[in-house]
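Asker: 3D model of this:
(one chain, ligands or ions: 1)
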Amino acid sequence: MTILKTRICDIFGIEYPILQGAMAWVSFAPLVAAVSNAGGLGIIGGTIFMPEQMRAEIRKVRELTDKPFGVNIISLHPMIKEILAVLIEEKIMVSTYGTGNPKKIIDVLKPGGVMSFPVVPTIAAAARAESDGADGVIVSGMEGGGHVGSMSTMALLPQARDSVKLPLIAAGGIADGRGMAAAFALGAEGIQMGTRFIVVKESPAHAHIKRKIIENRAEDTLVTGNITGLPVRCLKNCMSEEFARLESTGKSKMEMALFGSGKMQLAFVQGDAENGSIMAGQICGLIKDEPSCAELISRMAREFEAAAKELKRIAEV
Ligand SMILES: Cc1cc2nc3c(=O)[nH]c(=O)nc-3n(C[C@H](O)[C@H](O)[C@H](O)COP(=O)(O)O)c2cc1C
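Answerer: Next up, the predicted model:
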């Protein structure tokens with residue numbers, strides 16, 4: 001069996017430096033626990049929960065695994081104070097979050113014993129997270145699914161590596177062991193995958209959505225939501241193409257937010273692959289099967305080893 005050991009494994013107490021990126025409406029307790037049981041780190045997609053729902057989801061994960069896991073939050077949540085209190089009371093190991101001011105969160109979580117790993121789309125934000133006292137940083141490239149910035153993982157990673165000493169995790173555009181090897185070559189010590197983990201046996205995503213991801217090519221994603229200030233990469237379908245069309249006609253931020261409201265749930269829970277919003281990244285073209293989390297992670301470890309051997313062979317020639 002291939003063993004991958006990095007600083008991230010020691011920090012989180014996990015076997016493989018592979019994080020399941022938080023996904024609202026997808027990374028509920030069964031997926032989170034399955035990833036953690038397979039030796040990676042599952043992360044609850046907690047942005048959609050009110051405080052007591054968050055507590056219940058955390059407890060559900062604990063019924064399914066005794067392994068470490070994390071919780072994703074959003075600092076713009078109307079009950080963020082109460083959400084942070086739940087994380088501390090429930091002795092959560094690590095929290096990830098993508099928008100808002102990380103310092104406000106770190107200042108509460110750190111004394112409460114919860115690590116902070118902000119998800120950042122720029123080198124400046126990585127440096128700021130370090131000076132704010134984050135425990136690590138997840139650098140997220142624009143090829144990924146969900147909310148995105150404008151820099152690619154390939155360009156972000158080495159520059160972030162040179163800018164911060166913090167443990168560095170790469171997200172965006174990784175779905176196999178080759179991608180993981182590339183990320184490590186560029187300075188990452190762990191990887192986070194979202195899109196790949198939508199299509200695993202333990203993922204609760206609706207079968208229509210899993211099938212749509214398997215059928216799509218890398219060119220079939222687009223970024224919408226620039227007008228809302230939170231651009232999102234998703235699959236092309238009736239919903240995203242109509243969203244893009246309405247944006248181009250100058251609709252207001254509020255009108256666009258209303259149009260987008262409830263559309264992720266419509267896709268991932270109800271299975272409407274045309275009228276729902278299917279957040280997914282450009283790596284979707286690589287996803288052709290639905291393995292279990294354990295199968296996926298051990299396959300990635302083998303692919304990583306093969307890629308590393310090939311790099312070594314090239315270096316020796
Ligand atoms: C369906 C979906 C929902 C997501 N929801 C969240 C979220 O709630 N919070 C968050 O920080 N990131 C979210 N993300 C981003 C992922 O956690 C992860 O960083 C990203 O998917 C990595 O890129 P990849 O899709 O190329 O693997 C989401 C991504 C997807 C595909």
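Asker: what's the neighbour count on residue 212?
Answerer: 24 (other C-beta atoms under 10 Å). Yep, even glycine has a C-beta here, placed from its N, CA and C like the rest.
Asker: which residues touch it?
Answerer: Each residue near residue 212 by C-beta atoms under 8 Å, 6 or more residues apart in numbering is listed here: 235, 237, 273, 278.
Asker: give me the element it is part of.
Answerer: For residue 212, the host element (DSSP states H and E) is helix 207-215.
Asker: now the residue of the stretch 151-300 of the chain found nearest the ligand, nearest residue through space, not along the chain?
Answerer: Going by C-beta to the nearest ligand atom, the ligand is nearest to residue 194 of the stretch 151-300 of the chain, at 2.0 Å. If the residues on either side of it in the chain are set aside, residue 194 comes closest to residue 21, at 3.7 Å by C-beta to C-beta, 6 or more residues apart in numbering.
Asker: would you mind measuring from the one you found to the ligand?
Answerer: Distance, residue 21 to the ligand, by C-beta to the nearest ligand atom, to the nearest Å: 3 Å.
Asker: residue 257 versus that residue, what's the distance?
Answerer: As judged by C-beta to C-beta, to the nearest Å, residue 21 and residue 257 stand 23 Å apart.
Asker: in stretch 303-317, which residues are buried?
Answerer: Applying a neighbour-count criterion of 16 or more other C-beta atoms under 10 Å, one finds 303-304, 307-308 buried in stretch 303-317.
Asker: tell me the residue furthest from the middle of this structure?
Answerer: Ranked by distance from the centre of the chain (C-alpha atoms, centre = their mean), the top residue is residue 317, with 37.4 Å.
Asker: most neighbours, which of the contacts of residue 212?
Answerer: Neighbour max across the contacts of residue 212 (other C-beta under 10 Å) = residue 278, 30 neighbours.
Asker: bridge partners for the closest residue to it other than its chain neighbours, pull those for me.
Answerer: Leaving out its chain neighbours, the residue that sits closest to residue 278 by C-beta to C-beta, 6+ apart is residue 235, at 4.2 Å. Counting by DSSP bridges, residue 235 is bridged to residue 221.
Asker: from the ligand, how far off is the residue farthest from the centre of the chain?
Answerer: Counting by C-beta to the nearest ligand atom, the gap from residue 317 to the ligand is 32 Å.
Asker: quick one, what contacts that residue?
Answerer: With C-beta under 8 Å, 6+ apart, residue 317 has no contacts at all.
Asker: residue 311 versus that one, what's the distance?
Answerer: Counting by C-beta to C-beta, the gap from residue 317 to residue 311 is 11 Å.
Asker: near the ligand, which residues of the stretch 101-250 of the chain show up?
Answerer: Neighbours of the ligand within the stretch 101-250 of the chain, by C-beta under 6 Å from any ligand atom: 119, 140, 143-146, 171-174, 192-196.
Asker: what about those, which are in helices?
Answerer: 195-196 (DSSP state H).
Asker: which ones among the residues of the stretch 101-250 of the chain next to the ligand lie within strands?
Answerer: 119, 140, 146, 171, 192-193 (DSSP state E).
Asker: quick check: domain ranges of this structure?
Answerer: Split into domains by automatic domain parsing, the chain comes to 7-205+284-316, 208-283.
Asker: so residue 72 makes contact with residue 46?
Answerer: Yes. Between residue 72 and residue 46 there is a contact under C-beta atoms under 8 Å: 5.2 Å.
Asker: okay, and the common contacts of those two?
Answerer: residue 22.
Asker: these two: which has the busier surroundings?
Answerer: Using other C-beta under 10 Å, the more surrounded residue of residue 72 and residue 46 is residue 46, with 27 against 21.
Asker: what's the pLDDT at that one?
Answerer: Model confidence at residue 46, given as pLDDT, is 97.
Asker: do the same with residue 265
Answerer: If you check residue 265, the pLDDT there is 97.
Asker: so which helix or strand takes in it?
Answerer: Residue 265 belongs to helix 263-268 when assigned by DSSP H and E.
Asker: which strand or helix spans residue 87?
Answerer: Counting by DSSP H and E, residue 87 is part of helix 80-89.
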